[in-house]
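Student: Provided below are the primary sequence and the corresponding predicted coordinates.
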Amino acid sequence: MIWITLIVITSIIFIFILDSLRLKITPTPSSKKVRQKILEILPKGVDGPIYELGSGFGQMTLDLAKHFSGHPIKSYERATVPYLVQRLLLFFYRPQNAKLLFEDFMKKDSSDAGLIFCYLYREIMPRLALKIEKSTTKKVWVISHTFAIENWTPVKIIYANDLYHTPIYLYQINPRTEKSPN
């Protein structure tokens with residue numbers, strides 16, 4: 001029995017390390033203090049589904065599903081271990097409006113989003129900003145945990161009362177209007 005336990009634990013650690021190397025980031029859960037601050041900054045008027053990009057172990061997904069009970073929540077996670085943990089959380093808590101996807105959100109259409117929440121990493125933020133700018137067809141709120149989005153001006157920045165004084169950025173992005181040819 002001890003050998004089976006050791007094999008399972010070793011396999012989980014191995015998969016966790018492989019995913020971290022493949023995705024170039026180690027999944028890091030948001031603390032309760034940070035999640036509470038995020039809930040404080042959530043906008044009131046959200047028109048459309050909520051996208052959580054890089055949803056990790058799923059605690060924020062549950063918070064968003066509860067807060068926005070009338071909105072569909074699309075939660076994206078590509079790391080195997082956090083995905084499986086979140087799948088279990090969603091199974092036990094059963095939020096009716098949350099859907100977990102094991103897919104690359106950069107390859108998915110998010111033009112209908114009313115709110116995009118992300119806790120990613122610095123290097124991907126310029127690509128994400130470009131994707132949002134190109135696909136936005138209506139006003140969309142964007143909340144970024146920890147990492148500012150270069151060349152975007154936040155509507156608001158708040159700081160969690162945690163060890164790191166974690167910044168949370170709130171942006172409002174309006175669709176680009178093409179100039180008509182003369």
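Tutor: Structure's in. What do you need?
Student: Just say helix, strand or coil for the closest residue to Lys74 other than its chain neighbours.
Tutor: Nearest non-adjacent residue to Lys74, counting by CB to CB, 6 or more residues apart in numbering: Tyr51, 5.1 Å away. Bear in mind the C-beta positions are built from the backbone N, C-alpha and C, glycine included. Of the three states, Tyr51 takes strand according to DSSP: H, G, I helix; E, B strand; the rest coil.
Student: For Tyr51, which residues are in contact?
Tutor: Neighbouring residues of Tyr51 by CB atoms under 8 Å, 6 or more residues apart in numbering: Lys74, Tyr76, Phe105, Ser110, Ala113, Leu115, Ile116, Phe117.
Student: what about burial for the residues you listed, which qualify?
Tutor: Buried residues within the contacts of Tyr51, defined by neighbour count using 16 or more other CB atoms under 10 Å: Lys74, Tyr76, Phe105, Ser110, Ala113, Leu115, Ile116, Phe117.
Student: Relative to the helix or strand Trp141 falls within, what are the paired strands and their orientations?
Tutor: Assigned by DSSP states H and E, Trp141 belongs to strand 140-145. Here strand 140-145 is paired, per DSSP bridges, with strand 115-118 (parallel), strand 167-173 (antiparallel).
Student: so how far is it off the chain centroid?
Tutor: Strand 140-145 has its average C-alpha position 9 Å from the chain's average C-alpha position, going by CA atoms, centre = their mean, to the nearest Å.
Student: Past that strand, which element shows up next along the chain?
Tutor: Moving toward the C-terminus from strand 140-145, the next helix or strand (DSSP H and E) is strand 156-159.
Student: Which residues does that next one contact?
Tutor: Counting contacts by CB under 8 Å, 6+ apart, the residues outside strand 156-159 that touch it are Lys37, Glu40, Ile41, His165, Thr166, Pro167, Ile168, Tyr169, Leu170.
Student: Between these, which sits nearest Ile13?
Tutor: Lowest distance from Ile13 to the contacts of strand 156-159 (CB to CB) belongs to Thr166, with 26.8 Å.
Student: How much space separates the closest one from Glu77?
Tutor: With distances defined as CB to CB, to the nearest Å, the gap from Thr166 to Glu77 amounts to 20 Å.
Student: again with Ile41
Tutor: Distance of Ile41 to Glu77, computed by CB to CB: 22 Å.
Student: Can you pick out the residue with more neighbours from the two?
Tutor: Glu77 (27 against 15; other CB atoms under 10 Å).
Student: my read: that one touches Ser55, true?
Tutor: Yes - with contact defined as CB atoms under 8 Å, Glu77 counts as touching Ser55 (4.6 Å).
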